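[1] Compute the structure for the input listed below.
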Amino acid sequence: MKYRIKFSKYNSMIFIGHLDMMRYFQKAIRRAQIPIAYSTGYSPHQIMSFAAPLGVGLYSNGEYADLELTQEIGTAECREKLQKAMVDGVDILSVKVLPKDAGNAMASVAAAGYTVKIRSGHERAGFDFTKAFSDFMSRDEIMIEKETKKSTKMLNLKDFIFDYKTDGQEIYLLVDASSSGNIKPSLVMEAYYQFLHLQPEPFEFVVTREETYTRDQNGQLVSLDSVGDDL
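    All right, here's what the predicted structure looks like:
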């Protein structure tokens, strides 16, 4: 059976990279005695996949991992056992049983929502960093240069920002997080500060991934934990 867990990441755990988080969960699952399935072959490993990797230093309220279990376990019991095996900085928010035809978390990701705010102590006197964001987004094109593993390419950033909101203290961004897009909020903020003729300071922003989304049968964005049921 396939299960999807949703978890948050905060405090010192934001500095743990993706590969180390995978190793951490492998050990936590063993400690929690969750009946996870293993691959066959010379070097068996737990059958587990994570959704879009989170950058080091980012907070999150919407991280996901899919597990394949060898036997049925109640979702509330599974969540409780996993939570007891967690350290400070990781909370298990929900556990769902996936339908048989559900795609895995990584392949299903279509978008992610982030909030960006100025880190305490990095405020600039008389500067409201959210004030001009609507003007920044009102342009027909926001051309940037994006680096890939093999080269760099020009793209229109507006095509990859699905929605945004500002409230005077933080900026909310809903951006493409698919394998073909994968826009990071740092890229948006770099372009925004260029528009303002400013240079971002190191560690100026606090970035939180609020949710990770997939698309339903009608093409609408829905959170990854809306796929699946309680047991």
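[2] Quick one: residues in contact with the helix or strand of the chain with the lowest mean pLDDT.
    Across the helices and strands of the chain, mean confidence by mean pLDDT, DSSP states H and E is lowest for strand 143-147: a mean of 81. The contact list for strand 143-147 (C-beta atoms under 8 Å, 6 or more residues apart in numbering) reads 152-157, 187, 190-191. Glycine gets a C-beta too; all of them are placed from N, C-alpha and C.
[3] Checking Leu174 next. Helix, strand or coil?
    Put simply, Leu174 is strand when judged by DSSP: H, G, I helix; E, B strand; the rest coil.
[4] separation between it and Val188?
    11 Å (C-beta to C-beta, to the nearest Å).
[5] which neighbours do the two share?
    Counting by C-beta under 8 Å, 6+ apart, the residues touching both Leu174 and Val188 are Ile161.
[6] And these two? Which one has more around it.
    Val188 (24 against 18; other C-beta atoms under 10 Å).
[7] Next, give phi and psi for that one.
    Here is the backbone geometry of Val188 (degrees, to the nearest 10): phi -70, psi -40.
[8] so what are the domain limits for the protein?
    2-107, 109-221 (automatic domain parsing).
[9] Just give me the lowest mean pLDDT stretch among the ones you listed.
    Comparing mean pLDDT across the domains of the chain, the lowest value falls on domain 109-221: a mean of 90.
[10] one step back: show me what the next helix or strand after the least confident helix or strand of the chain is in contact with.
    For strand 143-147, the succeeding helix or strand toward the C-terminus, using DSSP states H and E, is strand 152-156. Identification of contacts with strand 152-156 by C-beta under 8 Å, 6+ apart yields 141-146.
[11] and for the longest helix anywhere in the chain, what are the contacting residues?
    The longest helix of the chain (DSSP state H) is helix 18-31. Residues outside helix 18-31 that contact it (C-beta under 8 Å, 6+ apart): 9, 16, 36, 46, 48, 50, 53-54, 65, 67, 82, 85-86, 90.
[12] could I get that helix in CSV with only the CA atoms?
    Written as CSV, here are the backbone C-alpha positions of helix 18-31 (Å, rounded to 0.1, in the frame of the first residue of the first chain):
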residue,chain,number,x,y,z
HIS,A,18,17.9,16.9,1.0
LEU,A,19,20.1,13.7,0.9
ASP,A,20,20.6,13.9,4.6
MET,A,21,16.9,14.3,5.2
MET,A,22,16.3,11.2,3.2
ARG,A,23,18.8,9.3,5.4
TYR,A,24,17.1,10.8,8.5
PHE,A,25,13.7,9.6,7.5
GLN,A,26,15.0,6.1,6.7
LYS,A,27,16.3,5.8,10.2
ALA,A,28,13.2,7.4,11.7
ILE,A,29,11.0,4.9,9.9
ARG,A,30,13.0,2.0,11.3
ARG,A,31,12.8,3.5,14.8
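[13] how distant is it from the center of its chain?
    17 Å (C-alpha atoms, centre = their mean, to the nearest Å).
[14] do the same with stretch 5-13
    11 Å.
[15] Can you tell me how far Gln46 is from Gln199?
    44 Å.
[16] for Asn61, that is, sorry about that
    Asn61 is 29 Å from Gln199, by C-beta to C-beta.
[17] With Tyr192 instead?
    12 Å.
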